[in-house]
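Here's my sequence, what's the structure:
(one chain, ligands or ions: 1)
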Amino acid sequence: MNKAYANRMEKVRPSAVGELLMLGAQPDIISFGGGYPAPEVFPVDKLSSVFADVMSQSGPRALQYSTPEGLLSLREKLVLRMKQSGISCDLDNLFIIQGGQQGLDLVAKMFINEGDVIVTESPTFMGALIAFNPYEPVYKTVPMDEHGMDMDALEEILRTNARVKFIYTVPEFQNPTGVTMSLERRQRLVELANQYDVMILEDSPYREIRFQGELISPIKSFDTEGRVIHLGSFSKILSPGLRLGWVVAETEIATKLCLLKMAADTQNSTLNMYLADKFMEKYNMDEHIQSIRVLYKEKKETMIEAVRQYLPSTVSYTNPEGGLFTWLTFPQHVDATTLMRDRLLPEAKVAYVPGSTFFPVDEEVNHCRMNYSGASKENIIKGVAALGTILKEYC
Ligand code: PMP
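Presented below is the predicted three-dimensional model:
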């Protein structure tokens with residue numbers, strides 16, 4: 001049969017790394033590969049009491065259709081939280097989406113024509129590339145250091161490429177590197193976007209999972225021209241299974257994005273929006289987030305300590321102040337995909353995500369992303385020690 005796929009399906013393919021990740025997800029494997037929150041931070045009892053409240057107080061409404069923008073009282077609460085973080089916005093600017101991932105998809109659909117240039121950090125979040133790829137952009141990538149994107153390199157890209165549509169960034173505890181963009185660079189980023197008239201897509205699901213250091217104002221808070229689209233998510237601060245996130249954007253952009261959302265899925269689950277709304281009404285969200293921070297700090301410190309103790313000194317690592325990931329850099333001759341497939345998985349039953357998959361262009365093979373939120377502390381130590389034993393043969 002002639003399946004007659006649209007041309008864009010050329011760019012929609014399973015990756016070799018995806019198959020490796022499936023192997024790494026088996027139950028007998030110590031996996032640093034997922035991006036999952038620690039299950040022990042899910043407020044199961046609180047959410048079941050909230051569920052009972054929602055059913056008894058608003059059952060029929062919670063089971064009915066809502067609107068594409070989402071539940072009004074939840075949006076009001078988020079507008080307030082955004083204002084507290086320095087983003088001035090109104091109800092017209094904010095609507096609910098199915099997690100940050102839907103925001104990436106909607107923005108891609110709305111802005112990318114074939115051949116448009118999208119600027120990303122190098123490396124960058126794989127899920128963003130999956131969302132952007134079907135629209136056939138050309139990627140230009142900006143190297144990073146411990147303070148985020150190199151702004152001079154970014155300026156050079158903006159100066160020499162007429163078709164840049166937007167700059168995509170994960171400014172806090174970036175997935176995959178754990179790096180946070182400094183305040184100065186955020187300000188410079190907005191100045192450059194203004195100067196070269198391009199949009200910025202600020203993807204911020206980890207912002208509140210900061211367990212040390214100072215909170216830095218969001219990029220959107222420096223936006224005076226309505227060119228920053230900010231994506232937030234409940235996935236890491238409440239539950240990814242609820243599939244709840246939000247977009248903040250200039251009114252016309254928000255309205256158009258919301259029309260695309262309506263075409264995609266009509267609206268978010270009314271029930272789940274009620275649950276999040278009631279949770280924030282009945283309990284203290286900030287206290288809940290604080291308990292997540294405490295646990296992740298311990299887990300991060302366990303991992304960094306194990307990395308220092310067990311990995312060869314030729315392996316470098318990032319030491320994030322929040323979020324879920326650290327990024328390891330092996331000596332250049334060590335290919336992280338081969339190492340995992342041929343040695344680490346079969347011999348030690350340990351998995352990570354090979355770094356090559358996070359590079360839109362100019363793949364680098366000698367990195368891996370290590371998640372510390374999912375595994376127990378004992379398994380973090382055991383898994384990193386096993387990685388160290390194998391790596392010492394190569395380094
Ligand atoms: N952006 C980044 C940088 C992420 O790491 C993730 C999830 N791991 C997402 C967006 C999407 O998350 P969600 O759709 O669950 O909000």
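
and the residue lying closest to Arg207 once chain neighbours are set aside, what does it touch?
Excluding the flanking residues, the one nearest Arg207 by C-beta to C-beta, 6 or more residues apart in numbering is Glu172, at 4.8 Å. Backbone N, C-alpha and C define where each C-beta goes, glycine included. Residues in contact with Glu172 (C-beta atoms under 8 Å, 6 or more residues apart in numbering) are 180-181, 204, 206-207, 210, 216, 322-323.

Kindly confirm my reading that Glu172 is in a helix.
No. Applying DSSP: H, G, I helix; E, B strand; the rest coil, one finds Glu172 to be coil, outside a helix.

Tell me the most packed of the contacts of Glu172, by neighbour count.
Of all the contacts of Glu172, Gly323 has the most neighbours under the rule other C-beta atoms under 10 Å, reaching 28 neighbours.

my read: that residue touches Ile209, true?
Yes. Gly323 lies in contact with Ile209 (C-beta atoms under 8 Å); the separation is 5.5 Å.

what sits in contact with each of these two?
Joint contacts of Gly323 and Ile209 (C-beta under 8 Å, 6+ apart) are 173, 296.

anything in stretch 32-47 near the ligand?
Yes. With C-beta under 6 Å from any ligand atom as the criterion, the ligand is reached by stretch 32-47 at Gly35.

what comes up buried for that stretch?
32-35, 37-38, 41, 43, 47 (16 or more other C-beta atoms under 10 Å).

ok, for the residue in the stretch 251-395 of the chain that the ligand sits nearest to, nearest residue in space, not its chain neighbours?
Nearest residue of the stretch 251-395 of the chain to the ligand (C-beta to the nearest ligand atom) works out as Leu324 at 7.8 Å. Nearest residue to Leu324 in three dimensions, chain neighbours excluded: Ser373, at 4.6 Å (C-beta to C-beta, 6+ apart).

returning to what we had before: just name the closest of the buried residues of stretch 32-47 to the ligand, please.
The ligand lies nearest to Gly35 out of the buried residues of stretch 32-47, by C-beta to the nearest ligand atom, at 4.1 Å.

quick one: the closest one and Asn371 touch, right?
Yes. Look at Gly35 against Asn371 with C-beta under 8 Å: they come within range, at 6.0 Å.

residues shared between the contacts of the two?
Applying C-beta under 8 Å, 6+ apart, one finds that Gly35 and Asn371 are jointly contacted by 324-325.

for stretch 287-295, which positions count as buried?
For stretch 287-295, burial by neighbour count (16+ other C-beta under 10 Å) applies to 288-289, 292-293, 295.

Make TSV out of the residues you listed and add distance to the ligand.
Shown next, in TSV, are these (distance: C-beta to the nearest ligand atom, whole Å):
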residue	distance to the ligand
His288	17
Ile289	15
Ile292	15
Arg293	17
Leu295	18
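
In contact with the closest residue to the ligand within the stretch 51-200 of the chain: list those residues for me.
Nearest residue of the stretch 51-200 of the chain to the ligand (C-beta to the nearest ligand atom) works out as Gly99 at 2.4 Å. Going by C-beta under 8 Å, 6+ apart, Gly99 touches 233-235, 240, 243-245.

bridging residues for the closest residue to it other than its chain neighbours?
Closest residue to Gly99 apart from its sequence neighbours, by C-beta to C-beta, 6+ apart: Gly245 at 4.4 Å. Beta-bridge pairing for Gly245 (DSSP bridges): Ile97, Ser233.
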